[in-house]
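> Requesting a structural model of the entry that follows:
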Amino acid sequence: MSYETNDKVVFKFKGAYEVGVITGKSKTKDSIVGYYIRSEKGSGYSLVPVDKKRRKGNPDYPVIDSAMTAAWNKAHDNGDVTKTNLFAKDGVGHTRHNYADDIISKGLRFDGEGGNMGHMEKRNDFVFPTVGPRSF
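Residues are numbered from 1 along each chain as shown. Below you'll find the predicted structure:
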């Protein structure tokens, strides 16, 4: 399974499922080493593998669950689960949390506007209420 920037994924971390957005990937010439993820609660993870533990016996490292991701994305597309406001764009930046709809409608601005990489909310002048992480 392969993912692109801004794809929403479900991953397991410390025994609990979380929703996140792919913010990038690390790859070698022939394969993807892992993905960079920003979770709904605001945590960032690097080199996250798909469907296999990166470190044998270490439950404290996140792993993308492709079956849960497919099921969640199908339910999300059908409107059966609450949407997530996570967003990422290559070369520009990503949100740091799952922000409320009223914040999104006010128009978040990218730090990276003008060609610099950054986050979306840092340049805005208001406090950001978050929807926060969902629980499974």
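> Give me the below-cutoff pLDDT ranges for the protein.
Applying pLDDT under 70 to the chain picks out residues 53-59, 91-93, 96-97, 99-136.
> Sketch out the strands for it, chain order is fine.
Shown for the chain, the strands assigned by DSSP state E span residues 8-13, 16-27, 32-39, 44-48, 63-64, 88-89, 93-94, 118-119.
> Buried residues of stretch 69-80, list them for me.
69, 72, 73 (16 or more other CB atoms under 10 Å). Yep, even glycine has a C-beta here, placed from its N, CA and C like the rest.
> about what we covered before: of the strands of the chain, which stretch is the most buried?
Using mean count of other CB atoms under 10 Å, the stretch among those with the largest mean neighbour count is strand 93-94, at a mean of 24.
> tell me the helices in this protein, going along the chain?
Assigned helices in the chain, in chain order: 66-77, 101-106 (criterion: DSSP state H).
> Quick one: residues contacting the nearest residue to residue 39 once chain neighbours are set aside.
Nearest residue to residue 39 in three dimensions, chain neighbours excluded: residue 20, at 4.3 Å (CB to CB, 6 or more residues apart in numbering). Contacts for residue 20 (CB atoms under 8 Å, 6 or more residues apart in numbering) come out as 8, 9, 10, 11, 37, 38, 39, 40, 45, 86.
> In this structure the fifth one contacts residue 26, no?
No - in this structure, residue 37 sits apart from residue 26 without contact. The criterion is CB atoms under 8 Å, and the distance is 11.7 Å.
> what is in contact with the two at once?
Common neighbours of residue 37 and residue 26 (CB under 8 Å, 6+ apart) do not exist.
> one step back: how much space between the residue nearest to residue 39 and residue 30?
Distance from residue 20 to residue 30, counting by CB to CB, to the nearest Å: 25 Å.
> One more: residue 88?
Noted for residue 88: a distance of 25 Å to residue 30, by CB to CB.
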